[in-house]
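**Q** Next comes the sequence, and after it the predicted model I'd like to discuss.
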Amino acid sequence: MKKTVLSGIRPTGNLHLGNYFGALRNFVKMQDEFNCFFFIADWHSLTTHPNPADLHGNVKQVLAEYLAAGLDPEKCTLYIQSDIPEIPELYLLLNMNAYIGELERTVTFKDKVRKQPDNVNAGLLTYPVLQAADIIIHKAHLVPVGKDQEQHVEMSRKFARRFNQIYKEEYFPLPKPFNFDADLIKVPGLDGSGKMGKSEGNAINLADSPEVIRKKVMKAVTDSGPTVPNQQKPDSVQNLFTIMEIVSSKDTHDFFDQQYNNCSIRYGDMKKQIAEDIITFTSPIREKIEEYAANDAFLKKAADLGRQKARESASKTISDVRKLIGFRSL
Ligand code: TRP
């Protein structure tokens, strides 16, 4: 039997190259090998109080971007979290066996308390319980997530195990964090920082126009240039070379590497090349994003199919769970 893989993304902005090379590209490959569930975590995004128009727009945009990047609603189950009422029911049930102490100790929760002290809502505290409901409602085995989400997956495992123990049945598989490719590609930021991310404001989005991509790349941080042959590259310059390794041909990368090593490099030329290679890479995806985002009927059809498949799986779990807990018909 195929293992079940599940992952969610909060709809808070456009998908960027870091999302693509860090996860999305692998999701596309996984569709053929696993029983895959991918969803848009719109309930989770409410912790930051988006306005209704932004919430709706972001859900549509992420759906269009997922589809444009190659997720196939026939192969995987691609759905919107808020279409699945079985998830909050399981969340409510799991909350009864989730303890305030363990929730307060969650790293992401402590972070939020520090960063947004005036909005420490109960949804933030129980965020990992909702995430556990997302995962175990489809009895997922594998959860492809980045480092920052590993604790949440560990907590899901703990809540699943606890449920099995309380009700004396190995009902839920225990989910694990999962790396599809041993060498996940981490896309660096354009600001000399370690990582491309939307909150870092250093990201190139899949939907960015060629002009926007050129502008962002030209602004990337560098230094004043090498003065000694073969000198070590500072982080900001190394980042540009790493991006080149990802989006350009090996010859192009090696050409600029050689120029760096003999101190003849002109960062402006290198950036122009990087921008054009990013544009070549993202253009087919961007064109599809634009086409899909403008086609409500197409998006609705994909979301309807996703809802239907996800509810079929979720309602089976919920009906088993109700019986195990003791909600039985009179
Ligand atoms: N918390 C995840 C994030 O912020 C999003 C998410 C919600 C998720 N539910 C999930 C990820 C279930 C994996 C599995 O990135």
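**A** Received it, and whenever you're ready, just let me know what you need.
**Q** From here on, just use CA atoms for contacts and neighbour counts.
**A** OK.
**Q** Neighbours of whichever residue of the stretch 51-200 of the chain sits closest to the ligand, how many?
**A** The minimum distance from the stretch 51-200 of the chain to the ligand, using Cα to the nearest ligand atom, falls at residue 131 (4.2 Å). When neighbours are defined as other Cα atoms under 10 Å, residue 131 has 21 of them.
**Q** what do you get for the one 4 residues further on?
**A** Here the number of neighbours of residue 135 (other Cα under 10 Å) works out to 27.
**Q** Kindly report the same for residue 199.
**A** Around residue 199 there are 9 residues (other Cα under 10 Å).
**Q** Contact partners for it?
**A** Contacts for residue 199 were tallied using Cα atoms under 8 Å, 6 or more residues apart in numbering; there are none.
**Q** mind checking the longest helix of this protein?
**A** helix 296-325 (DSSP state H).
**Q** pLDDT on it, on average?
**A** The pLDDT scores in helix 296-325 average 98.
**Q** quick one: low-confidence ranges for the stretch 201-330 of the chain?
**A** Within the stretch 201-330 of the chain, no stretch falls below the threshold (pLDDT under 70).
**Q** what about residue 193, which SS state?
**A** coil (DSSP: H, G, I helix; E, B strand; the rest coil).
**Q** Other residues contacting stretch 295-311?
**A** By Cα under 8 Å, 6+ apart, the surrounding residues in contact with stretch 295-311 are 37, 60, 63-64, 73, 77-80, 83-84, 86, 138, 292-293.
**Q** Looking at those, which are in helices?
**A** Using DSSP H, the contacts of stretch 295-311 in helices are 60, 63, 64, 86, 292, 293.
**Q** Out of those, grab the one that's most surrounded.
**A** residue 63 (26 neighbours).
**Q** Can you read off the pLDDT for that one?
**A** 98.
**Q** next one: the one 10 residues further on
**A** Residue 73 carries a pLDDT score of 98 in this model.
**Q** Contacts only, for it.
**A** 67, 302, 305, 306.
**Q** Let me see the backbone angles for it.
**A** Note on residue 73: its backbone torsions stand at phi -60, psi -10 [degrees, to the nearest 10].
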